[in-house]
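Participant: Fold the stuff below for me.
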Amino acid sequence: MVDMKKQKNLVKILVLANIIIFVVFLTVLIGFNNLDQFLLEPLLTPQQYLDSHPYISIGNFIWSEPSSTVLVYLLGILTIGIGFTLLKKGKAVPNNLQDENDPSLRKRNFQKIWGISLIIWGLGTMLAGTSYQAFYYELKCRNQPYCLWTTWWEIGYLILTVISVNTMVVAQSWLRSNPKSSIAMNIYASINLLIYQLILIFGMLLINEFMLSFEMMVVFQLSSFILMMISNIIVYRNSKEKIEFKLIKIWILLAIVMIVYFGYLFSGIPEILWESGIWFNANDILHVGLIGWMIYIYITLKKFAHKTAI
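Facilitator: This next block holds a predicted model:
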């Protein structure tokens, strides 16, 4: 019992540490304001960007990658909508469910927190779409001798995505009837987020592009997805719970989406299509895949909510 109390106190300490580090993160992001030192390599002038990307001129405004913008904003809006739907269903807890160890209540909390994670994911996606697609020229190239490599919008996207993934870990902890296992997952999520925030802080201070890259974020979060999948596999082998098997399929589907993304990125196909006047790059493949992934999550967790209703 003493160990459990110590573990719960450790979680509280880690949450407080994350809040403190997040304040430091914002201070570095806003106070140092050194993102203009990150330039695209090889150097790209604003005109060179316009010559190599699709855009629409609206007065003096340049709307970059219009088709890609539609896809990424559609993904963001869809994800936020699914998140609010799951959150609403998870909140609908009957009055007779008061014990936090009640399986039905734990499942509802799982669903509710999954909803929160998707809302955060969707907000991050909207930030990404603003900087990587719609306002790319306006934010990175206009009034610049050479286009910038990143913006605070993209840094915000990275941190929100990591917060989202770790929120999924916390959600999954509610499916664990073993308190030690549940608390361990919360401890992991807190430490993971803490370390990633430190990576972003040092990346900004040291002008290190890889530490602030999408690739770094994906590699860093692999451990979280692997942890959740292994947890699902172990529990499913012992309990045969259908939700565990469905979560395994969710992670496998995400892995397929990422493999297709990186394969398409290095295939040379996007460049061949663009030479023919068709703009469909690796980000578009990723966003189409994630739209399918989100729809599958909605179908899976919505049915799960219905079956756990009392």
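Participant: quick check, residue 56 in a strand?
Facilitator: Yes. Read with DSSP: H, G, I helix; E, B strand; the rest coil, residue 56 is one of the residues of a strand.
Participant: Look up the residues forming beta bridges with it.
Facilitator: The bridge-partner assignment for residue 56, based on DSSP bridges, gives residue 63.
Participant: Check the contact between it and residue 65; I expect there is one.
Facilitator: No. Using CB atoms under 8 Å, residue 56 makes no contact with residue 65, being 9.5 Å away. Where you see a C-beta, it was placed from the backbone N, CA and C, and this is true even at glycine.
Participant: Who has more neighbours out of those two?
Facilitator: Counting neighbours by other CB atoms under 10 Å for residue 56 and for residue 65 shows that residue 65 has the greater number, 23 against 11.
Participant: okay, now the nearest residue to residue 286 once chain neighbours are set aside: neighbour count?
Facilitator: Residue nearest to residue 286 in three dimensions, not counting chain neighbours: residue 261, with 4.4 Å by CB to CB, 6 or more residues apart in numbering. The number of residues packed around residue 261, counting by other CB under 10 Å, is 20.
Participant: got it, and the one 5 residues further on?
Facilitator: Around residue 266 sit 10 other residues, with neighbours defined as other CB under 10 Å.
Participant: which stretches of the stretch 51-200 of the chain form helices?
Facilitator: Taking DSSP state H, counting those that start in this stretch, the helices of the stretch 51-200 of the chain run over residues 66-91, 103-128, 136, 152-173, 179-206.
Participant: Of all those helices, which one comes closest to residue 34?
Facilitator: Proximity to residue 34 (CB to CB) singles out helix 179-206 among the helices of the stretch 51-200 of the chain, at 6.4 Å.
Participant: Tell me which other helices or strands the closest one touches.
Facilitator: Other helices and strands packing on helix 179-206, by 3 or more CB pairs under 8 Å, 6 or more residues apart in numbering; DSSP states H and E, are helix 2-27, helix 152-173, helix 214-239.
Participant: Quick one: closest of these to residue 295.
Facilitator: Proximity of the helices and strands packed on helix 179-206 to residue 295 was assessed by CB to CB; the nearest stretch is helix 152-173, lying at 17.0 Å.
Participant: what's the angle between the closest one and helix 66-91?
Facilitator: Taking axes from the mean of the first three to the mean of the last three CA atoms, to 10 degrees, helix 152-173 and helix 66-91 form an angle of 30 degrees between their directions.
Participant: Contacts only, for the residue nearest to the spatial centre of the chain.
Facilitator: Most central residue of the chain, judged by C-alpha distance to the mean C-alpha position with CA atoms, centre = their mean, is residue 161 at 2.6 Å. By CB atoms under 8 Å, 6 or more residues apart in numbering, the residues touching residue 161 are 121, 124, 217, 221.
Participant: who wins for neighbours among these?
Facilitator: Of all the contacts of residue 161, the highest neighbour tally under other CB under 10 Å goes to residue 121, namely 25 neighbours.
Participant: Could you find the closest non-adjacent residue to it?
Facilitator: With sequence-adjacent residues excluded and distances taken as CB to CB, 6+ apart, residue 121 is closest to residue 164, at 4.0 Å.
Participant: Let me know whether that neighbour touches residue 115 as I believe.
Facilitator: No. Residue 164 sits out of contact with residue 115 when judged by CB under 8 Å, with a separation of 11.2 Å.
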